[in-house]
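> Here is a sequence with its predicted model. Questions after.
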Amino acid sequence: MQTDPMLAFLIRRTGQSAIVVLLMATIVFFGVNVVGDPVHMLVSPDADQAEIERVIRQFGLDRPVIEQYGLFLKGAIQGDLGTSFIFGQPAVQLILQRFPATLELAVSALVIALVFGIPLGVYAGIRPDTRSARAIMAASIFGFSLPTFWVGIMLIMFFSVQLQWLPSTGRGDVGSFLGIESSLFTLDGLRHIILPASNLALLKMSMIIRLTRAGAREVMQQDYIKFARAKGLSFGRIVRVHLLKNIMIPVVTVLGLEFGSLIAFSVVTESIYAWPGMGKLLIDSVLQLDRPVIVAYLMIVVFLFVLINLIVDVIYSALDPRVSLTGAKS
Amino acid sequence: MKRILAATSIAMGLLSSAAWADDLTIGLSSEPTAIDPHYHNLTPNHSLTRHIFDPLIGQDEVQGLYPALAVSWKPIDDTTWEVKLREGVKFHDGTDFNADDVVFSFERAPNVPNSPSSMSTYTSGKTIVKVDDYTIHVKTEGPYPLVPNEISQIAIISDSIKDTSTTADFNSGKAAIGTGPFKFKAFVPGDKIEMAANADYWGGAPGWDNLTFKPIPSDPARVAALLSGDVDIINDVPTSDVETLKTKAADQVSLWQGSSNRVIYLHLDQFRENSPFVKGVDGSDIKNPLLDVRVRKALSMAINRPGIVDRVMEGVALPAGQLLPKGFFGVSEKLQPLDYDAKGAKALLAEAGYPDGFELTIHGPNDRYLNDAKIAEAVGQMLTRIGLKMHVETMPRSVFFTRASSGAEGLPEFSLILAGWGAGSGEASSPLKSLVHTYDKAGGFGSSNRGRHSDPEVDALIEKALATVDDDKRRALLVEATEKSIENVAIIPLHFQVNTWATRKGLAYEPRTDEYTIAMGVSKN
């Protein structure tokens, strides 16, 4: 019986991923548990010694670390990654509650980065010697090197404080469309998302510009482009069909990874704009040593990255028929 | 003509939206962790839930007590306080308030599942007995004067929610039924908390129709949100921005400052012959010099308190000579901040047998109090000036407090630490009990006494004060205990924090010593 190469690939990948997840669980759990002591962060200074001991018992911190780890693994297998010390809610629920806000921010940032990044990059690649191409490249260096935190504050100072065009903080009203709830469906929501999404997009946009430009410059020298020109194809068609398709592979690879980091670690942007997403939850949890939330968060992120990489592999095969999934064995 | 009309109507539209400003948006530096008023004994939570729930006894801007759901309270014998309840008060769901709700609230408050810091601190040792629908008795084990202060921390919830009162039900709004001036509308964690006015509030309808609380922990972002008009008031204005806001943005914002109940102080190792972070000038082990009161006094004299206030705190603090600022119950009128006297300090050190000083490390948190790490550095420099070889080490609070309380085999690990204390009850017994009284686990005394100063005479005064119901007598005892402990340098007070709020022009805020940010304190001027 012939096995479906796709299925075999997926099964192998799942096995590998399970090992990665288990390893990460161990590293994360012990890493988080050796740092500091959450009890003194949580208990009111007014509390007496008896209350402090009650809290230690309540969170199971009186048990040996190995036993805590065993309990954590036991729960994790059943899908329970612990209960937040601070909020008293299941950590996974707390994180997933914040997921839509982060996802819409990441998607918006990605769209902004693509919509501006690819055309600018292609242009800079095709006409590398023009003044505007040089300006684009110079701007992309700024996009790379300016710290997100500073740019975020500058955007607020300019667009919110000086011009008063856009709100400086928070997420807007949430609307519902086809059963999906998102702030992208309301005007107020869109006004709120422009600044954080642009701030988050800036770095990715710069990266896309540089990647696309490098790819375009290389591809423009290829024989098939010259041949297509000789055949008299319109310039637009050459760019769309022959150029774009061939420079997309590195862009998709990088975007896949970057999308993961956009979702998982948009911590700085979410903090500046008080965006109620997962990144802000993570940084708050780290600051307050809400261990179960930190552990659960990192576990979810590991899971997310594994998933995204899988999707990227599948997209490769769609973009380039030479990349076969069976070949991904090695 | 048409165009002018259109322009006018747009302008009118803008004006009318500004004139609706009976909605208030508040930018908060820390997010409350729940709507459940009994879940977490934490300032941001108390500050928020005060809008929805009333306590029996309220605390005003300077933590003076006023009648809220109680109309009067008095001790009727050594162990019983009689509290008369307000009649005719209705909960947000229309049910009447009576003694059953009080009994229910006090039963629930210390027993909320998963609470990271329970309200048992305020309820322990008290039994609530219903006498009739509008009278309760609070029974204590012995004479206890702080009953009114402590029951003022407990929010009263409706007993109609008995079966469903989980913290999640409060957060969803189902159980968030109080008697307070505002009704719960929505809680979106990390994003906002919304409330609407309770027009039938027993104390009269509040001055604001709708409230939105937005947590904006990032300092520059919070200030920017105020400047851009996204929020109307913010708390915890960073000290570095105070001057800029005062001068450059004076036409847009107003600042409201008031002293807090929080003292920033140094604790010194007073229980070990060999203190881990004390060394001789040559690096050898020496007998802990901090055991000598003259050395402690010298350290205190070497600190230039006005200098710290001016330079490190940018003027936003008050030099401290005792544990609470003037105006609080039980503070000494006599005690002044010790004058800066480096020469005198040096002479005192020499007299104590340390003419060449010794080596000492000051430890402190770097993310807990306003400018904490900078203060530790300044103190380090000042002590270097009297000949000590100083090291300064600061760390995140998640590491610091554990090590400072029980780092070395369950004992405080450091020799000299910087920390702060806010007096929740609003009287001097609070810092005296926790910071100065001998560490006593069984009695619940000295829980934050990380220097382990121990003076039986002061202990006796504090214990006596905590069992003296008569206000004048208690005040005298607290003053005496404070003066004695400062004289023996149980603790070196540095300064009192000053809290700063900023509002947009046209609003005023009544600064509060307890650091609460409440809409009831915001008025239009």
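Yes, it's here.

> from memory B:Ser105 sits against B:Ile161, does it?
No. B:Ser105 is beyond contact range of B:Ile161, at 10.7 Å (criterion: Cβ atoms under 8 Å). Every C-beta, even on glycine, is put in place using the N, C-alpha and C of the backbone.

> Look up phi and psi at the residue nearest the centre of chain B.
Chain B has B:Gly422 as the residue nearest its centroid, 4.0 Å off, counting by Cα atoms, centre = their mean. The phi/psi pair for B:Gly422 (degrees, to the nearest 10) reads phi -100, psi 130.

> Quick check: nearest residue in space to it, chain neighbours excluded?
Once flanking residues are discounted, B:Gly422 sits nearest to B:Arg262: 4.1 Å by Cβ to Cβ, 6 or more residues apart in numbering or on different chains.

> can you tell me which helix or strand the residue in the stretch 201-330 of chain A that chain B sits nearest to belongs to?
Closest contact between the stretch 201-330 of chain A and chain B, by Cβ to the nearest Cβ, is at A:Pro276 (3.3 Å). Assigned by DSSP states H and E, A:Pro276 belongs to neither a helix nor a strand.

> if we can go back for a sec, so who does the residue nearest to the centre of chain B touch?
A:45, B:43, B:260-262, B:514-515 (Cβ atoms under 8 Å, 6 or more residues apart in numbering or on different chains).

> Tell me which of the residues you listed fall in helices.
Using DSSP state H, the subset of the contacts of B:Gly422 located in helices is B:Thr43.

> Need the pLDDT of the residue of the stretch 201-330 of chain A closest to chain B.
A:Pro276 carries a pLDDT value of 89.

> B:Ala408 now?
For B:Ala408, the model assigns a pLDDT of 63.

> hey, where'd the helices end up in the stretch 151-300 of chain A?
A:187-220, A:223-230, A:235-237, A:245-264, A:267-272, A:278-288, A:291-319 (DSSP state H, counting those that start in this stretch).

> same for the longest one, what does it pack against?
Counting contacts by 3 or more Cβ pairs under 8 Å, 6 or more residues apart in numbering or on different chains; DSSP states H and E, helix A:187-220 is packed against helix A:91-126, helix A:131-145, helix A:148-155, helix A:245-264, helix A:267-272.

> pull the CA atoms of the second one into PDB?
Written as PDB, here are the backbone C-alpha positions of helix A:131-145 (Å, rounded to 0.1, in the frame of the first residue of the first chain):
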ATOM      1  CA  ARG A 131      17.400  58.500  -6.100                       C
ATOM      2  CA  SER A 132      14.100  57.200  -4.800                       C
ATOM      3  CA  ALA A 133      15.500  53.700  -4.500                       C
ATOM      4  CA  ARG A 134      18.400  55.000  -2.500                       C
ATOM      5  CA  ALA A 135      16.000  56.900  -0.300                       C
ATOM      6  CA  ILE A 136      14.000  53.700   0.300                       C
ATOM      7  CA  MET A 137      17.100  51.800   1.300                       C
ATOM      8  CA  ALA A 138      18.200  54.500   3.600                       C
ATOM      9  CA  ALA A 139      14.800  54.600   5.200                       C
ATOM     10  CA  SER A 140      14.800  50.900   5.700                       C
ATOM     11  CA  ILE A 141      18.100  51.200   7.600                       C
ATOM     12  CA  PHE A 142      16.300  53.500  10.000                       C
ATOM     13  CA  GLY A 143      13.400  51.100  10.200                       C
ATOM     14  CA  PHE A 144      15.900  48.400  11.300                       C
ATOM     15  CA  SER A 145      17.900  50.400  13.700                       C
END
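
> just how off-centre is it within its chain?
Distance, stretch centre to chain centre, for helix A:131-145: 24 Å (Cα atoms, centre = their mean, to the nearest Å).

> Name the residues of it that are buried.
Buried residues in helix A:131-145, counted by 16 or more other Cβ atoms under 10 Å in any protein chain shown: A:133, A:136-137, A:140, A:143.

> And for that helix, what's in contact with it?
Residues from elsewhere that reach helix A:131-145 (Cβ under 8 Å, 6+ apart): A:120-121, A:123-124, A:127, A:202-203, A:205-207, A:209-210, A:213.

> ok, of these, which come out buried?
The neighbour count (16+ other Cβ under 10 Å) marks A:120-121, A:123-124, A:202-203, A:205-207, A:209-210, A:213 as buried among these.

> what helix or strand does B:Leu226 sit in?
Here B:Leu226 is assigned to helix B:219-227, by DSSP H and E.

> Packing partners of that helix?
Judged by 3+ Cβ pairs under 8 Å, 6+ apart, the packing partners of helix B:219-227 are helix A:148-155, helix A:267-272, strand B:23-28, strand B:233-234, helix B:239-248, strand B:492-504.

> Adjacent strands (with direction) for the last one?
Think strand B:492-504. Here strand B:492-504 is paired, per DSSP bridges, with strand B:233-234 (antiparallel), strand B:253-268 (antiparallel), strand B:317-319 (antiparallel).

> what's the following helix or strand after that strand?
strand B:507-509.

> buried stuff in that following strand?
B:507, B:509.

> Average pLDDT for the helix or strand following it, rounded please.
Following strand B:507-509 in sequence order, the next helix or strand is strand B:522-524 (DSSP H and E). Taken as a whole, strand B:522-524 has a mean pLDDT of 90.

> Return the list of strands paired to strand B:522-524, each annotated with direction.
If you go by DSSP bridges, strand B:522-524 pairs up with strand B:507-509 (antiparallel).

> the domain parsing of chain B - what is it?
Split into domains by automatic domain parsing, chain B comes to B:36-170, B:261-498.

> Just the CA coordinates for the strand or helix carrying B:Val129, please, in PDB.
Assigned by DSSP H and E, B:Val129 belongs to strand B:126-132. The C-alpha coordinates for strand B:126-132 follow below in PDB (Å, rounded to 0.1, in the frame of the first residue of the first chain):
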ATOM      1  CA  LYS B 126     -13.200  39.500  64.800                       C
ATOM      2  CA  THR B 127     -16.600  37.800  65.000                       C
ATOM      3  CA  ILE B 128     -19.600  39.600  63.500                       C
ATOM      4  CA  VAL B 129     -22.900  39.100  65.300                       C
ATOM      5  CA  LYS B 130     -26.200  40.300  64.000                       C
ATOM      6  CA  VAL B 131     -28.200  42.000  66.800                       C
ATOM      7  CA  ASP B 132     -31.100  43.200  64.700                       C
END
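
> Now do the helix or strand just after that strand: which elements does it pack against?
Once strand B:126-132 ends, the next helix or strand along the chain (criterion: DSSP H and E) is strand B:135-140. On a contact count with 3+ Cβ pairs under 8 Å, 6+ apart, strand B:135-140 meets strand B:80-85, helix B:99-108, strand B:126-132, helix B:147-151.

> The first one relative to strand B:135-140, how many degrees between them?
Computed with axes from the mean of the first three to the mean of the last three Cα atoms, to 10 degrees, the direction of strand B:80-85 lies at 150 degrees from that of strand B:135-140.
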